[in-house]
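Novice: Give me coordinates for this.
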Amino acid sequence: IALEKLIKQRHKFKQKQNKYTNKPAKNVPAPEQPELFLKKLQQCCTVFDFMDTLSDLKMKEYKRSTLNELVDYVTVSRGYLTEQAYPEVVKMVSHNIFRTLPPSDSNEFDPEEDEPTLEASWPHLQLVYEFFIRFLESQEFQPSIAKKYIDQKFVLQLLELFDSEDPRERDYLKTVLHRIYGKFLGLRAFIRKQINNIFLRFVYETEHFNGVAELLEILGSIINGFALPLKAEHKQFLVKVLIPLHTVRSLSLFHAQLAYCIVQFLEKDPTLTEPVIRGLLKFWPKTCSQKEVMFLGELEEILDVIEPTQFVKIQEPLFKQISRCVSSPHFQVAERALYYWNNEYIMSLIEENSSVILPIMFASLYRISKDYDHSVMSFCPSPLPPRAIVALVYNVLKAFMEMNSTLFDELTATYKSDRQREKKKEKEREELWKKLEDLELKRGLRSDGIIPT
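Specialist: The predicted structure is shown next:
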């Protein structure tokens, strides 16, 4: 059936490829040019099989040439976008770009490691996308006419294409969707809702969708244009959709775009800072150090725009997590957390709230510095924290000492006192175990005169 359909399409293409449509528009009288434009659009509805690289070479080249001509028409010419042209444009674009995407070559496809499968028909597909973007950007473009044809069904099919493995296609789709969102006010809520659905399905069902980064990039621009005060649906999208996106395994593929969206929301409405940070702390990675580094980077971006009143609300749970990161055995996690003290704005917030933050951070920092000193002086073979980490820890301790020397001295004394108590308890436990072992040994000797092994 598919073969018969392809043969019919080729036959139609050959029929349309007559002397009239072969002519460039400039060689046709001006009154006839709009009609020629329509015929060329109809001709380009024929789709060729690019998996067979040797078939229909002349017709493929002719279509490529015609598509280039259409791009030129819509870019520089005037008078082509008549009302009759709109359905033909959408029909031609739909015939070429809307298709069932092939499954990945392997179920174990890793987008971080493996090369994507590139679209074989890209020589034509690229020109169709280029034409459609120029069409949407044309000064003659009228959304009031186009909305009859660029509707919800069209947008839904467009969004499905974002799962294409070919990054070139996703880049064009991003531009197309952005233009549609800007031109068609009536489709905006629908587009946001469908992106919401794609993300929910991605997080809670499939964990596979190739175009998450591109959709988030579009959302970054959309969020930037939200009117104030933010609607409840926008806040819900942030908390229920964007925050849970941090849980997926492939976070590194779209984290930069996701963090940008989060920061855009917080710049719009600072009162959202607390639920966002608590959400990040809730989903904090337990076993993946790479994700921890990403979370720390995103938190710093948030702290760069946080208001002091909002900082006070989340400083305790936030710095408890940072304290754990500083003590992390993974070098990059500890280093990324300690870099917070190189940020002037964060340092000013810490200084204003040093009486709360210093007690939270002190034990982790002081233990690292003292364990290093003790290990070096006693030539202990136990693993040492890297020198770079220790140097950063010393700088942080020095900064805290300058901020609040009285509290620093109190915490130092308390820490030493607690350590002495711990050592005393440890010694008492060792002595107790020794007494129990001696007692057991004596019992064994009494029972049979043989020392138990």
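Novice: Could you pull up phi and psi at residue 120?
Specialist: phi -60, psi -30 (degrees, to the nearest 10).
Novice: Could you list the low-pLDDT ranges of the chain?
Specialist: 1-27, 30, 105-113, 371-385, 424, 444-453 (pLDDT under 70).
Novice: 80 instead, please
Specialist: 1-32, 50-56, 77, 79, 104-114, 370-386, 417-428, 430-432, 434-453 (pLDDT under 80).
Novice: can you pull out the helices in the stretch 51-200 of the chain?
Specialist: In the stretch 51-200 of the chain, helices defined by DSSP state H, counting those that start in this stretch lie at 57-76, 85-97, 122-137, 143-146, 152-160, 167-183, 188-201, listed in chain order.
Novice: which strands and helices sit next to the second one?
Specialist: Same thing as helix 85-97. Counting contacts by 3 or more C-beta pairs under 8 Å, 6 or more residues apart in numbering; DSSP states H and E, helix 85-97 packs against helix 33-43, helix 122-137, helix 143-146, helix 152-160. C-beta here means a position set from N, CA and C on the backbone, and glycine is covered the same way.
Novice: Among those, which comes closest to residue 172?
Specialist: Closest approach to residue 172 among these (C-beta to C-beta): helix 122-137, 3.9 Å.
Novice: Which of the three states applies to residue 45?
Specialist: coil (DSSP: H, G, I helix; E, B strand; the rest coil).
Novice: What sits closest to residue 79 if chain neighbours are left out?
Specialist: residue 34 (6.4 Å; C-beta to C-beta, 6 or more residues apart in numbering).
Novice: show me the residues around the one you found that make contact.
Specialist: Residue 34 makes contact with 79, 80, 82, 84, 85, according to C-beta atoms under 8 Å, 6 or more residues apart in numbering.
Novice: could you measure residue 160 against residue 177, distance?
Specialist: Taking C-beta to C-beta, to the nearest Å as the measure, residue 160 falls 12 Å from residue 177.
Novice: okay, these two: which has more neighbours?
Specialist: Each of residue 160 and residue 177 has its neighbours counted (other C-beta atoms under 10 Å); residue 177 has more, 22 against 16.
Novice: list the contacts for the more buried one?
Specialist: Going by C-beta under 8 Å, 6+ apart, residue 177 touches 155, 158, 159, 191, 218.
Novice: Tell me which residues touch the third one, please.
Specialist: Contact criterion C-beta under 8 Å, 6+ apart gives 177, 191, 194, 195, 198 as the residues in contact with residue 159.
Novice: try 7 Å
Specialist: Residues in contact with residue 159 (C-beta atoms under 7 Å, 6 or more residues apart in numbering) are 194, 198.
Novice: Ok, the one 5 residues further on next?
Specialist: Residue 164 sits next to 101, 119, 170, 210 when contact means C-beta under 7 Å, 6+ apart.
Novice: Neighbours of the second one, how many?
Specialist: Residue 119 has 19 neighbouring residues, counting by other C-beta under 10 Å.
Novice: looking at it, it is touching residue 166, isn't it?
Specialist: Yes: Residue 119 sits in contact with residue 166 when judged by C-beta atoms under 7 Å, with a separation of 4.4 Å.
Novice: that older thread, would you list the contacts of residue 177 in JSON lines and tack on distance to residue 225?
Specialist: As requested, the contacts of residue 177 are exported to JSON lines (distance: C-beta to C-beta, whole Å):
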{"residue": "155", "distance to residue 225": "18"}
{"residue": "158", "distance to residue 225": "20"}
{"residue": "159", "distance to residue 225": "19"}
{"residue": "191", "distance to residue 225": "13"}
{"residue": "218", "distance to residue 225": "11"}
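Novice: Please indicate which of those are buried?
Specialist: Neighbour counting by 16 or more other C-beta atoms under 10 Å classes 155, 158, 159, 191, 218 among the contacts of residue 177 as buried.
Novice: returning to that earlier point: now, among the contacts of residue 164, which is nearest to residue 71?
Specialist: residue 119 (18.5 Å).
Novice: so what's the closest one up against?
Specialist: Per C-beta under 7 Å, 6+ apart, neighbours of residue 119: 125, 164, 166, 169.
Novice: Mind picking the two most distant members of those?
Specialist: Largest separation among the contacts of residue 119 by C-beta to C-beta: 125 and 164, giving 9.8 Å.
Novice: ok, back up a step: just the contacts of residue 34 now: which is nearest residue 269?
Specialist: residue 85 (43.3 Å).
Novice: okay, now that closest one: neighbour count?
Specialist: Counted by other C-beta under 10 Å, the residues lying close to residue 85 total 19.
Novice: cool, and residue 240?
Specialist: When neighbours are counted by other C-beta under 10 Å, residue 240 comes out with 14.
Novice: What backbone torsions are found at it?
Specialist: phi -90, psi -20.
Novice: on that earlier part again, looking at the helices and strands packed on helix 85-97, which is nearest to residue 74?
Specialist: It's helix 122-137; of these, that one is closest to residue 74 (C-beta to C-beta) at 4.7 Å.
Novice: for that closest one, the distance to its chain's centre please.
Specialist: Here the centre of helix 122-137 is set off from its chain's centre by 26 Å, with C-alpha atoms, centre = their mean, to the nearest Å.
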